[in-house]
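Trainee: I need the structure of the sequence given here:
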Amino acid sequence: MKKRFGLLFTAFILNSSIIYASESIDLTAAIEILKKENLEIKSASLELQSAKEDVKTASGNHWGKLDFIQDFANSDDAGNVFGFKLTSREATFGDFGFNEFLTPLGQAIGGAAADIAPSDMSGLLAVQPDDLNYPDSRNFFQSKLKYEVPIFTGFKISSYTDIMNSMTKMKTLEKKQVVNEKIYQIRKSFYDMALLRNSSENLNTILQNIDTLELITKNMIEVGYAKKVDLLEVKAKKGNVERLISQMDSNQKLLYHFISFLLNQKVTEIQTPSMDMPMPSYTNDDILSSNIDIKRANNGLGIKKSMVQLSEASYYPMIGAFAEVSTADNSFLGEASDHAAYTIGARLTWNIFNGGIDSANVEKARLDFIKTKTQVQLANSGIALQIDKIKTEIDTYNHDIISLEKELALADEIYKNYEGRYKEKLSSMSDVIIKQSEQIQKILQLNQARNKRNERIFALEKLANGEDK
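Mentor: Residues are numbered from 1 along each chain as shown. Model (predicted):
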């Protein structure tokens, strides 16, 4: 029963998501879906989480490490067996072969008491202790707990931690940049769709006019006021307009595919905004203070500064301490408390001379820092240049749009005038078609100028990190 309920619940969720995806969504809702579902944003979030774990790894070096070591061995090597017993605190004089030494020693002492010549005792030192040289194999179990901690590393660990923190901040900025880029793409897609729909509406209006013109031409041919070639010209223009409308429809389908890709779900209908984007009120200082590329450059400068400190750590001594407790026996944890041992200590390591490598590394890091500082200044100048260029282009497109709107209004009136003149046989069909072509051209030029203006405003918002000032 629970399994069936789970399947029904899953089916409900899937159906709900399909319904939601198929609903007409506006730009605000699309941006919210984008932030949650876009795959590139998810990937950037995972990279940011990975960078945060690197910070924990670097900072964790301050606390040292605690290891548990369990050894097991079996050997009949004389040195190993004796060492095993000594480590286990179980070594006896018998392990030195004293039982093989005492017998000839006693005989020698007895002989000396019986007035035997002292030279007979010279062979005692040549006696080989078989118990020591040829011991039986022995098991060895050693359990050891060892703690090592750095006391002073020449600020190496703290510098490395600072670098990892800066890298995390860099990943945060990179994620913001990905989010801004995806928002830019979804917004541009919505505004492009608005322009495409507007172009399609205007072309469909023109197509209706052509249908009317076609009907008029047919009627005029019947009464002998027009020629068949006039009808052919109308049909050719009609085919041209239908081709343009078909291209607009195809472009809309492509935009829907791209929007679905960005939102990681099927989208079949959207609510388009106004064709003309409002001009943001960014000042140059606003953009420079919030620009991600400049923030990344400044963050990179901080990394280079930490790299200089890291390279200077080679000039300092390294001091570390350790402590360990252990127990050993020929069985696992056998008589652990009796065989326990401890060791504590510290070590100082200080490189006195290495052929000038350390100083060369420090100088290289310092030069990299100066180079990055120059690049930060260049980034500020470059962004400022882009801002002025984009604002100038937006002003140019604003003037173009005003002019083209007037030209389109004039083209509409001229076409209507020539259409009326054609009915009165004062103009040819070729003249009407030419004026209609100029009308279509002005529509396309106007929407192209609007599209370019919107694209430049998007570029300005990207420079400002998409923040609303």
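Trainee: what comes up buried for stretch 61-78?
Mentor: For stretch 61-78, burial by neighbour count (16 or more other C-beta atoms under 10 Å) applies to Asn61. Heads up, the C-betas are built off the backbone N, CA and C, glycines and all.
Trainee: can you give me the offset of it from its chain's centre?
Mentor: 40 Å (C-alpha atoms, centre = their mean, to the nearest Å).
Trainee: can you check stretch 340-350 too?
Mentor: 43 Å.
Trainee: for Val229, grab the count of nearby residues.
Mentor: 11 (other C-beta atoms under 10 Å).
Trainee: grab the nearest non-local neighbour of it.
Mentor: Among residues not flanking Val229 along the chain, Met429 sits closest, at 7.6 Å (C-beta to C-beta, 6 or more residues apart in numbering).
Trainee: that neighbour: what's it in contact with?
Mentor: Going by C-beta atoms under 8 Å, 6 or more residues apart in numbering, Met429 touches Thr217, Ala226, Val229, Asp230, Glu233, Val234, Tyr422.
Trainee: can you confirm the first one is in a strand?
Mentor: Pointing back at Thr217 there. No - going by DSSP: H, G, I helix; E, B strand; the rest coil, the assignment for Thr217 is helix, not a strand.
Trainee: surely it is in contact with Lys228?
Mentor: No - Thr217 lies out of contact with Lys228 (C-beta atoms under 8 Å); the separation is 9.2 Å.
Trainee: compare neighbour counts for the two and give me the winner.
Mentor: Taking neighbours as other C-beta under 10 Å, Thr217 and Lys228 compare with Thr217 leading, 25 against 10.
Trainee: which SS class is Lys425?
Mentor: coil.
Trainee: measure it to Ala226 for me?
Mentor: Remark: distance between Lys425 and Ala226 (C-beta to C-beta, to the nearest Å) = 8 Å.
Trainee: then Lys295?
Mentor: 69 Å.
Trainee: got it, and Ile402?
Mentor: In terms of C-beta to C-beta, Ile402 sits 39 Å off from Ala226.
Trainee: kindly report the same for Ala236.
Mentor: On the measure of C-beta to C-beta, Ala236 and Ala226 end up 15 Å apart.
Trainee: same drill for the two, tell me which one is more crowded.
Mentor: It is Ala226, of Ala236 and Ala226, that has more neighbours when counted by other C-beta under 10 Å, with 21 against 11.
Trainee: the more buried one: which element?
Mentor: Using DSSP states H and E, Ala226 is not contained in any helix or strand.
Trainee: once you drop chain neighbours, what's closest to it?
Mentor: Nearest non-adjacent residue to Ala226 (C-beta to C-beta, 6+ apart): Met220, at 3.6 Å.
Trainee: OK, contacts around that neighbour?
Mentor: For Met220, counting by C-beta under 8 Å, 6+ apart, the contacting residues are Ala226, Asp230, Lys423.
Trainee: tally of neighbours for Val325?
Mentor: 14.
Trainee: check the one 4 residues further on too.
Mentor: Around Asp329 there are 21 other residues, counting by other C-beta under 10 Å.
Trainee: my read: it touches Ser143, true?
Mentor: No - assessed by C-beta under 8 Å, Asp329 is found out of contact with Ser143, at 9.1 Å.
Trainee: any residues in contact with both of the two?
Mentor: Common neighbours of Asp329 and Ser143 (C-beta under 8 Å, 6+ apart) are Ala336.
Trainee: now the two most distant members of the contacts of Met429.
Mentor: Val229 and Tyr422 (13.4 Å; C-beta to C-beta).
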